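Student: Sharing a sequence plus its predicted fold:
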Amino acid sequence: MEEEQESLVSATKNNKPNQRLLKSSKNDPKPGIFVYILTFFAAVGGFLFGYDTGVVSGALIILKKRFRLTFFMEELVVSITIAGAILGALYAGPMSQYLGRKFVLIFSAIIFTIGAIFMAAAENTGELLTGRAIVGLGIGSASMTVPVYIAEAAPTHLRGKLVTLNNVFITGGQFVASVVDGIFASDKINGWRYMLGLSGVPAVIMLIGLLFMPESPRWLVSKGKVDKAKKVLQRIRNSDDVDEEIHDITQTIQRERLGANYGRCGIVVRIWQTPSVRRAIFVGCGLQAIQQLSGINTVMYYSSTIIKMAGTKSDEEAIWLSVPVAFTNFAFTLVGVFVVEMMGRRKLLLSSLAGVICSLLLLSVTFYIDLRQSPSVTLRPNINDSSCTTRYDHCYSCVEDSSCGFCYSKIDGDFLNGSCLPVGSNYDTDHDKYGLCNTTDSNLHWGYNHCPFALSWLAVLGLVLYLAWFAPGMGPMPWTVNSEIYPQWARSFGNSCSATTNWTFNLLVSITFLHLTRLLTKCGAFGLYTVIAFMGWLFIYTFVPETKGKTLEEVNKLFERQSYHDRNGLHSSVGSSNGMLDESES
């Protein structure tokens, strides 16, 4: 540590900027292609984040039949990845600090590859869950490290755009996953293996590419390897003139180390004693909780299942219908990149969440109509070894039992002669156990995990509208706001708290969704998300100020004010040179 400190002091003395170096950003040298190659290989980690969380939507339709999964097991297949991501995010921070950003990214690529192999080769639910948990570790470590690695390597004038590419890769990964799901949906035996296992291909590409990428120059400086950092920067910047940047990095690290003298407990005490920072953390964590509790990951993780729930008969059709849903998320994430500086954070959050509320309400109404129009069970064959025929009175409750399916006649558009029957054995859920629902009869139809519903297209419309509103605002803005509202000394702790809040509520929502649909009905579950989203809208309107175009000191001053109206500049202006906060970057 002493050697590192000596190197930093030496770098500070020997790399003072001169007048020739103090140029405007307009004269920044044009970066070579190398910085984009570096960003690409790092952002593949974001692509894998999106792919491994999105692919389960279509794979779950096949896995449910293949392994006869209960509601809880379906939720576990989804949520165990999130639990793994929480653990991955926890170890990624210290590991990247001590071993380097590049090391953690290479380690993440290896983890992604191992997880893909486990999932593709799984022969039982235990092995499948193990693979899902392993890729979760990769997701967590990549999600924490990729933005840092890109930000620390990118030129200042390109940093925002290059870091944003990680978000684009995440939503792009989700879109590609939905297409892959559709391609292999017809293979009812091994299709899910290809869906889950193909994530190993980009993982290997990431691994090989990163082997030839340099370590973060900022991390190298923090470890006293200033000369090596200088060579890396010269390669990334496509210029030998990097002395000023080395100096700035060195100065920043020295200030951070002075702040670190407080220790973790000292930071918590100081935050508690600083009302403006307490309010900032309240707002930052609140935004992350609202993002998850408004149901985004029920839509992303269960989109194909939701479309099936709404009455889509064919598994393949349900999986392919989730493709435009995922594409909407990808396309409107790009929209958010262009409108955020025009609209500002607050207006974009409020308008985005208002659209989300309306979309959730549409989904709730759709499933209410589905429930009201659910065909009744009118025929009860005498089958001694099954309770399906006697326990349920209508299709809606019948298909919620994974051991039952609904047989009905469709005559002149009417659904008649409904009966609830046990499904076939040996994972055959496409027929009833005893062949009573003879599929060669054109008038007879078999429904597993869905009921006939003429308005099933409304569910697809609701999902598309939901993501069209969510993606540009509620998707990126909680992260953007959190990056702007904390003073330097509390930034690491504040971002850690908000990220933990996001992952925790992500896990909560993903592991409870299917049980909520049973406990409250599908209509009630989306109604609950609607109410929570409305409460979130009120929270944003009341507590979240506009941070667009404000310096860190001005943002700190916003949170120092007690009045909501003052915080949003309605009764007074901000940004005067007087009254800077003690907790600012001094």
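Tutor: Nice, thanks for sending it over.

Student: State the distance from Ala468 to Phe327.
Tutor: Distance, Ala468 to Phe327, by CB to CB, to the nearest Å: 11 Å. (C-beta placed from N, C-alpha, C; glycine too.)

Student: To clarify, my last question referred to Phe453.
Tutor: Shown here: Phe453 relative to Phe327, a distance of 24 Å by CB to CB.

Student: For the two, indicate the residue with more neighbours.
Tutor: Phe453 (26 against 18; other CB atoms under 10 Å).

Student: hang on, that one packs against Ala310?
Tutor: Yes: using CB atoms under 8 Å as the test, Phe453 is close enough to Ala310 to be in contact (6.1 Å).

Student: which neighbours do those two share?
Tutor: Overlap between the neighbourhoods of Phe453 and Ala310 consists of Asp370, taking contacts as CB atoms under 8 Å, 6 or more residues apart in numbering.

Student: so where's the stretch 351-500 of the chain shaky on pLDDT?
Tutor: Within the stretch 351-500 of the chain, the stretches falling below the threshold (pLDDT under 70) are 385, 425-428, 438-442, 488.

Student: Helices along that one, start to end?
Tutor: In order along the chain, the stretch 351-500 of the chain carries the following helices (DSSP state H, counting those that start in this stretch): 388-391, 395-398, 457-470, 477-482, 488-519.

Student: Can you pull the domain assignment for this structure?
Tutor: Split into domains by the TED database, the chain comes to 30-213, 274-374+455-563, 375-452.

Student: Output these as JSON lines; include the columns distance to Leu220.
Tutor: Listed next are the domains of the chain as JSON lines, based on distance: least, CB to CB, whole Å:
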{"stretch": "domain 30-213", "distance to Leu220": "8"}
{"stretch": "domain 274-374+455-563", "distance to Leu220": "20"}
{"stretch": "domain 375-452", "distance to Leu220": "54"}
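
Student: And those domains: which comes nearest Val221?
Tutor: Taking CB to CB, domain 30-213 is the member of those nearest to Val221, at 9.7 Å.

Student: how distant is that closest one from the center of its chain?
Tutor: Domain 30-213 has its average C-alpha position 11 Å from the chain's average C-alpha position, going by CA atoms, centre = their mean, to the nearest Å.

Student: That one: end-to-end distance?
Tutor: For domain 30-213, the first-to-last residue distance is 20 Å (CA to CA, to the nearest Å).

Student: for that domain, what is the average pLDDT?
Tutor: The predicted model assigns domain 30-213 a mean pLDDT of 91.

Student: can you check stretch 268-276 too?
Tutor: On average, the pLDDT along stretch 268-276 is 83.

Student: Just the CA coordinates for that stretch, please, in PDB.
Tutor: Extracted as PDB, the C-alpha positions of stretch 268-276 are listed here (Å, rounded to 0.1, in the frame of the first residue of the first chain):
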ATOM      1  CA  VAL A 268     -23.500   5.300   7.700                       C
ATOM      2  CA  VAL A 269     -23.300   7.600  10.700                       C
ATOM      3  CA  ARG A 270     -22.400  10.600   8.500                       C
ATOM      4  CA  ILE A 271     -25.300   9.800   6.200                       C
ATOM      5  CA  TRP A 272     -27.700   9.600   9.100                       C
ATOM      6  CA  GLN A 273     -26.400  12.900  10.400                       C
ATOM      7  CA  THR A 274     -26.900  14.500   6.900                       C
ATOM      8  CA  PRO A 275     -30.600  15.100   6.100                       C
ATOM      9  CA  SER A 276     -30.000  15.900   2.400                       C
END
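
Student: Which positions in that stretch come out as buried?
Tutor: Of all the residues in stretch 268-276, those buried under the rule 16 or more other CB atoms under 10 Å are Arg270, Ile271, Thr274, Ser276.

Student: same deal with stretch 348-358?
Tutor: Neighbour-count burial for stretch 348-358, counted by 16+ other CB under 10 Å, picks out Leu348, Leu349, Leu350, Ser351, Ser352, Leu353, Gly355, Val356, Ile357.

Student: what do you get for stretch 489-501?
Tutor: Across stretch 489-501, burial judged by 16+ other CB under 10 Å covers Trp489, Ala490, Arg491, Ser492, Phe493, Gly494, Asn495, Cys497, Ser498, Ala499, Thr501.

Student: Tell me if I'm right that the first one and Ile267 touch.
Tutor: Yes: with contacts defined as CB under 8 Å, Trp489 counts as touching Ile267 at a distance of 7.3 Å.

Student: need the strands for the stretch 351-500 of the chain, in chain order.
Tutor: With DSSP state E, counting those that start in this stretch as the criterion, the stretch 351-500 of the chain has strands at 404-411, 414-422, 444-447.

Student: Would you give the sheet partners of the longest one, along with the direction of each?
Tutor: Under the criterion DSSP bridges, strand 414-422 sits next to strand 404-411 (antiparallel) in its sheet.

Student: Quick one: distance of the partner strand to the chain centre.
Tutor: Mean-position distance between strand 404-411 and its chain equals 38 Å (CA atoms, centre = their mean).

Student: Then stretch 406-424?
Tutor: 39 Å.

Student: Then stretch 359-366?
Tutor: Relative to the mean C-alpha coordinate of its chain, stretch 359-366 is positioned 22 Å out (CA atoms, centre = their mean).

Student: Thr171 - how many residues pack around it?
Tutor: Taking other CB under 10 Å as the neighbour definition, Thr171 ends up with a count of 28.

Student: same question for the helix or strand hosting Trp320, mean pLDDT?
Tutor: With elements delineated by DSSP states H and E, Trp320 resides in helix 315-343, which encompasses its position. Looking at helix 315-343 alone, the average pLDDT works out to 88.

Student: buried set for that helix?
Tutor: Neighbour-count burial for helix 315-343, with 16+ other CB under 10 Å as criterion, is recorded at 315-333, 336-337, 339-340, 343.

Student: try stretch 512-530
Tutor: Buried residues in stretch 512-530, counting neighbours by 16+ other CB under 10 Å, are found at 513-514, 516-517, 521-530.

Student: before we move on, the earlier item: got the buried residues of stretch 489-501 as CSV, with distance to Ile82 columns?
Tutor: Written out in CSV, the entries for these read as follows (distance: CB to CB, whole Å):
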residue, distance to Ile82
Trp489, 31
Ala490, 27
Arg491, 25
Ser492, 23
Phe493, 23
Gly494, 22
Asn495, 19
Cys497, 18
Ser498, 16
Ala499, 13
Thr501, 13
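
Student: just curious, which of those residues is nearest to Lys433?
Tutor: Relative to Lys433, and with distances defined as CB to CB, the nearest of the buried residues of stretch 489-501 is Thr501, at 46.5 Å.

Student: Okay then, goodbye and thanks.
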